[in-house]
Structures are given as C-alpha cells and as structure tokens.
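>>> Everything below, folded, please.
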Amino acid sequence: MAPRMLEQPGGGGASSETSETGKSSGDPSVRKPWCRWLPRSYLLVLVINATATLLLWPADGWDPCPLNMRLFFFGLMLSSLGAGCVAAFLARRAEASGHTKWACGYAIINWIQAMLGSLGMTSPLSGYCRYGVIPRDTTHSALALCRLLLYLVASFWMQTLIASRLDLLEQSSNRNYRSGCFRKLMWAQVFGTAVALLPIAGIVHEIITDDSYSGSIIFATSIMSLSAIGGITLLCNVAASIVAICSFRKSYSELRRICRLAEANEASISARSSLRRARRFAGLQGLGVSFSLVFTLLLVPARVFSMIYSHGDYGSLKVILFLIQAFDALGNAVAVLLLSGSHRMAKVERSQGSQRSWKVEKPEHSRNQQTSHEDVNWTRKVEELSMRGMTLRSLLQFYQENLPSMPDWKYVPKEHKTRDVVRRAIIPLTSREECAFSVSAFNKDGPKRAQVMVTHNWGNSFSDLLAAVLSDALQECSFSLPAELLQEDCALLQDLLAKMGRLDETYWICAFAVNQHISICHSNPYDRDPFTNQLHPVCHCNSTNIIDSDGRSVSSEINKFDDMMRLLATTGGCRQVIAVDKSLDLFRRAWCVAEIAEAKRLQMDQSLKLWSKATLQERARTLENLDVRDMRASSEKDKELILGKIQDVDDFNAKLQVLIFDPKSGLVATWNAMDSLQQIGEVGRLIRWGLADAGSGKVWKAWDGHN
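Numbering: from 1, shown residues only. Prediction:
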C-alpha cells in the first residue's frame, strides 16, 4: 500500500508561489492556471463531437433516410460525448498516478471508437442513410474497420487494467489469483488482433481495386478469416473476463470468511470496518468486470446484426441495438473512471519546486584532490561497505537470540533506543573480533550486498527501527502493527515473511554495517541508560577510534555514505527506506536529511515508514519550517561538513519541502491520494493478515494502533 498523503501545507517554500501581478495564488481574485484550462479540455471534446456530428449527419441515400436513424445517430453521438467528458476528466488527473494515466489512455480510445460507433446503425449495403460527406462504399468501410481495431485495442487496454489488479492482489496477499492465466489469455487476444491485420489488409485491397474477380475472392476469404479470428479472440476475451470474475469472487469470499472470524474474536471496530470496506471494494471490482463481460457479449452480435439487417424493418429490435451500443460506450467510460479511482482524487499540479532537480555540490576539498593510491583505497572501502547488508533472517535472529542474552543488561523494547542497543549489545558482541556486526561470526547468513538502504535516527526505539524494516518487507506503509506483533508473537511475523519469501531480503543499517570499534567505542560523552541515567560503559578493545575532522580519512567508515549510496544505486539498483520515529525527529537530524537528499538526487526509490497515519496527521505540520541550518548533528564538525556540500541552502530548504509535501511525489501521502489499484493492494494486505491470524485474534487486537 502506498504512503498516505496530507494536503500540502502553505508554509513550504515551493508552495508560496505568486502570480505576475504580485498577488498570492491563493487569492480568489486571481484565477489559477487550472481555472483557466479546466474548461478547455471539455470544450475541446464538445467541439470535436459537434464537428463530427455536423460532418457525419445522416443524409438521404438511394432512399429517404428514416427519422429514427437520425435519432439513433444523434443518441450515439451524445453517448460518445459523455465518454469524451470522462476522458477529459481523467486527462486532468493523469498526473496523480501511473495507473490513472493508463486509465486515461483507455478512456480516450473508448471515446474515439464511440464516435465511430455512431455510424453503426446502418451499413454500406443498405439503401439509405449516407453519412454526411462520407462516400458510402469506401470511406465508410474503412472507418468501420478502424472502429473494429480501436475496439480490440480498447478491450486489450481494459484487460491490462484488470491484470495489474490481479498482479497486485497476488503480491500483497501472497495468494494465487490466476493472474498468470489471465495474462496468457490477454496476450492470446493481442496475437489474434495482430493476425486479424492480414484479412483486413485483404479487405482494404479489395476496396481500393474493386475491379477484378480475384478481388471479390480475396474479399470473401478475408471476411471469413476475419470472422474466425474475431470469434476466437472474442472467446479469449470472455474466458479472461470469467477468470477475473472468479478471482475477485475468491477474494470477496476470503474476506467474508475473515470478517466472520474477526467478529467471532471480538475484533476492534477499526479492524471490522477495514475488513468490511475491503470486502465491499472487492465485490465492486468483480461486479465491474461482470458488466464489462456482459457488454462484450451483447455488443459484438448486436453490431453484426445491425450491419446485416440494417435495411430491414425491425423497429423495436433496432431500438435495443441502439441502447446496447449507447450503454456500451457510457458503461465502459464510467467503469474506467471507477477503476482508476480518479473521481476521489484531487487534480495534481506540478509545482515549480518539484521541477527542479536535486544537485548536492561536493565540497572544494573533495577526495579527488588526494593521491591515486588513496583513491584506490577509498574506492575499496566504499565497495566493502556496500557489501555489509544483513538479511531479515539475521536481523530477527539478533533480536530474538543475541539481544535478550546480553549479560549485565536487560533489553526493554519500549524504552531502549538504537543507540542503547549499539552501546550495550552490538559493541560488546563484536569487541573480540573488533569488526562490524554484519561481518562478525554472530551474523550466520554473512554480509550481503545491500538491496535496501535504511535511513534512521539513533534516538528512535530499536524495536521501532526493526518494525519499520519488517513493514517494508511486508509492504506496509506504517509499522505499528509489525511493532506490536514483534513483541507479542515474533514467530508469527517470521512465518509470514518466510511464506512471502522475504527472509533473504538484505538491508543496510549503519548500526550493524559500520565498524563501531574504529568509530565510537572508546568514548561516550552523552549516551545514557534510560533507567539508571548513567553513561553506557565504553569498550576496551585494541582498536583505535579514527578522528576525521575534515571528512577525508580513507580508513573512516562514516564519511563515505554518499559514495556508497551512489555505488549501490548505479550498480544493480538500491532503494531507500526512511524509518521515521514517532516524534518525526529524524527530519531534524542533519545526517538523515543529507541521506534523504542524496537518495533523491540519485533517483533512488524512497519509501517512508511511519508509526501510523494518525502520527503523521498530528505532527506533519511541524515540518513546515524545516531549515537545514537548524538541524542537529553529533558534532558541529559533522554539521559543517554537511552544510559544505550544499551550494544554496535556501534552495535546498525549498526542495526539502517539495520532497516531503509535494502532492505528486512527496514522501507524505494520504488515503485520499490512493487510486483504486493501490486500494486493491489494501484488499490483498487484509487477506494476508487475516489468513496469517488464523482465527487467533492476535492481529486484530494490535490493529487499533496501526490504523
């Protein structure tokens, strides 16, 4: 599930744009750009439809054109106008998500083919109703074939929207919903459409030549081939729709069963409400696909019948054929609108700040001024650091086995911070080997190349840090539920991660990856135990702590994060998880903000993990006036080093606001910004937790804090 986003506050540097007149863009007397342009998309649709109506208005052919045919034509044009308005609406929200853009593309094709479908109440063989300026025997047939191709493309496009849902449903629930079978049927339709181009080419050739006996044979053969291929493709379409309907019905049934178990265990109101909402959404998805199948089954034979018998006197039947075609265009338009979820999403304007690219300048005294020998050693150390990731299995083993067994110190999950764990567990355990924990004998899986870079605050609870990492593996946006289960039933979490195949995923966490015996182990000026308020004891190993005042030491392991992130991002890809503490203090730590900015500059995928959406809603506005100059670091030297990498601090602060609050790509997101593709992920997520709970009630008891 995607992170949830709040509306962008007005305090950011990127949100305080003014108009050319000097008035604020928030002034109602100033018309914003969207106020000027929003009607134009609908106006364009109206102009195109009106022009097509005037050019194609039915005229008398060999016989007078009946009034009912003109009325049918006008009704179909009105239907296409409605489809066009939906396309215009989606175009205004296409920037909200990639799924919405894809839905917008389908809506545009549906609109065009709906306009061409207005020519479908008669055929070029009938003795009346010549459509405007179009010649009866040539262009009319070409437009009919064009409409057929567009309809096939639209059908495939719609099924890609459905396929994306089934894929995400499987990924988020860790269940089989036949997405592989659905995609095979979908690609069979693509192959059928491609093969259909051959008989269509024969028909076009016959239309162009139209003067030989062989042309008639080619025409007849092409029509028969096209009918056969079209029939097979239609059957694949029907089969794919049935697979999708059964899959959504399966998810609905599972959610209904989970709802009953939750009610039997007296789950909280929040848990039951979430389950009911997900069940209703899964049911609506299946219902929408069912409507699409019904329209497909009715439209194709209706269109064929109207072409063959358009010259006959079938008054009431033609009304039914007209209604089927009209409702097909409108129904598909409404369906894609609901499938995209855009009717609930605000239009996204790309702010000026979001168009700027991040560019973190290197300090003048960069390592490029060192000798080539030092450069080689520096690069070797960077590569070594990038290989110090730990698997989730190792992290859970440390939490379950190593941490509780420490002598002379008892770990309390709700009280001890990451810095406490480093001082009282990680440093003592590795003091004999004098190395980083990830390369020590305690890491049974051994060090691995990092797949995920974790940015976190040492002042955060260690159990919350681990829960944030677990929430990433579990595809959760918040970590309160994993945090509760980590204390109540860690085995349940480990079993779920094993079923999902996530225990081998590798995370880079500085507390485990950096050798603390050359960094901080011999001194402790401020880290105190929360119970005794005494400074944690220092280490008495034989290593020497490196003093690196200018950030140029080749042996130091805490001055190479930027280079390591660049290496990970450019050699196989790496993403970033930002584990935010409950007080959001991470955004006020200079090193953390520097890592976030560098990851953004490197275009790494970034994922924000918070305790809960309530925490974000309560505290997000405290981030409005962030200034990197006011942020804290372990020492003033560190802060000066970070500020030295930033050429324009004010510009950096403005970009920082965009990074956090931008309505399109900001780290903070809300339920209102979720399209329906992301909501189907929420359905799968609830199925996964419900089946993992197995009726024990443990998950639902922890659900309140999560939501």
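
>>> ok so residue 83 is a helix residue?
Yes - looking at residue 83 with DSSP: H, G, I helix; E, B strand; the rest coil, it is inside a helix.

>>> show me what contacts it?
107, 110, 111, 114, 329, 330, 332, 333 (CB atoms under 8 Å, 6 or more residues apart in numbering). Glycine gets a C-beta too; all of them are placed from N, C-alpha and C.

>>> and it, how far is that from residue 165?
Distance of residue 83 to residue 165, given as CB to CB, to the nearest Å: 22 Å.

>>> Next: residue 181.
14 Å.

>>> Neighbour count: the two, which is higher?
Between residue 181 and residue 165, counted using other CB atoms under 10 Å, residue 165 has the larger neighbour count: 28 against 17.

>>> check which helix or strand covers the residue lying closest to the more buried one once chain neighbours are set aside.
Leaving aside its chain neighbours, residue 165 sits nearest to residue 680 (4.7 Å; criterion: CB to CB, 6 or more residues apart in numbering). Here residue 680 is covered by helix 676-693, with elements defined by DSSP states H and E.

>>> With only the CA atoms kept, save that helix in PDB.
Taking Å, rounded to 0.1, in the frame of the first residue of the first chain, the C-alpha atoms of helix 676-693 are listed here in PDB:
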ATOM      1  CA  SER A 676      -8.100   2.000  -6.800                       C
ATOM      2  CA  LEU A 677      -5.100   0.000  -7.900                       C
ATOM      3  CA  GLN A 678      -3.500   0.800  -4.600                       C
ATOM      4  CA  GLN A 679      -6.700   0.000  -2.800                       C
ATOM      5  CA  ILE A 680      -6.700  -3.500  -4.300                       C
ATOM      6  CA  GLY A 681      -3.300  -3.800  -2.700                       C
ATOM      7  CA  GLU A 682      -5.000  -2.900   0.600                       C
ATOM      8  CA  VAL A 683      -7.500  -5.700  -0.100                       C
ATOM      9  CA  GLY A 684      -4.700  -8.200  -0.600                       C
ATOM     10  CA  ARG A 685      -3.000  -6.900   2.500                       C
ATOM     11  CA  LEU A 686      -6.000  -7.500   4.700                       C
ATOM     12  CA  ILE A 687      -6.400 -11.000   3.300                       C
ATOM     13  CA  ARG A 688      -2.800 -11.800   4.100                       C
ATOM     14  CA  TRP A 689      -3.100 -10.600   7.700                       C
ATOM     15  CA  GLY A 690      -6.400 -12.300   8.100                       C
ATOM     16  CA  LEU A 691      -5.100 -15.700   7.000                       C
ATOM     17  CA  ALA A 692      -1.900 -15.200   9.000                       C
ATOM     18  CA  ASP A 693      -4.100 -14.600  12.100                       C
END
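
>>> and it, how far out from the chain's middle?
When C-alpha coordinates are averaged (CA atoms, centre = their mean, to the nearest Å), helix 676-693 and its chain have centres 15 Å apart.

>>> Could you give the average pLDDT over that helix?
Average pLDDT, helix 676-693: 79.

>>> Need the residues that contact that helix.
With CB under 8 Å, 6+ apart as the criterion, helix 676-693 contacts 1-2, 97, 99, 164-165, 168-175, 251, 254-255, 258, 261-262, 274-275, 278, 281-282, 285, 338-341, 475-476, 481, 492, 495-496, 674, 699-700.

>>> what does stretch 103-116 give?
Contacts of stretch 103-116 (CB under 8 Å, 6+ apart): 45, 48-49, 52, 76-77, 79-80, 83-84, 86-87, 90-91, 93-94, 143-144, 146-147, 150-151, 153-154, 157-158, 161, 329, 332-333, 336-337, 339-340, 342.

>>> Give me the buried subset of these.
For the contacts of stretch 103-116, a burial check counting by 16 or more other CB atoms under 10 Å picks out 45, 48-49, 52, 76-77, 79-80, 83-84, 86-87, 90-91, 93-94, 143-144, 147, 150-151, 153-154, 157-158, 161, 329, 332-333, 336-337, 339-340, 342.

>>> domain assignment for the chain?
Domain ranges of the chain: 33-344, 371-518+547-624, per automatic domain parsing.

>>> what's the least confident stretch among those domains?
When those are compared by mean pLDDT, domain 33-344 comes last with a mean of 75.

>>> ranges for the helices of the stretch 351-500 of the chain?
Along the stretch 351-500 of the chain, the segments classed as helices by DSSP state H, counting those that start in this stretch run 372-386, 392-397, 418-421, 427-429, 462-473, 480-488, 490-499.

>>> Hey, what's the angle from the fifth one to helix 490-499? Just curious.
So the one you mean is helix 462-473. Here the directions of helix 462-473 and helix 490-499 differ by 30 degrees (axes from the mean of the first three to the mean of the last three CA atoms, to 10 degrees).
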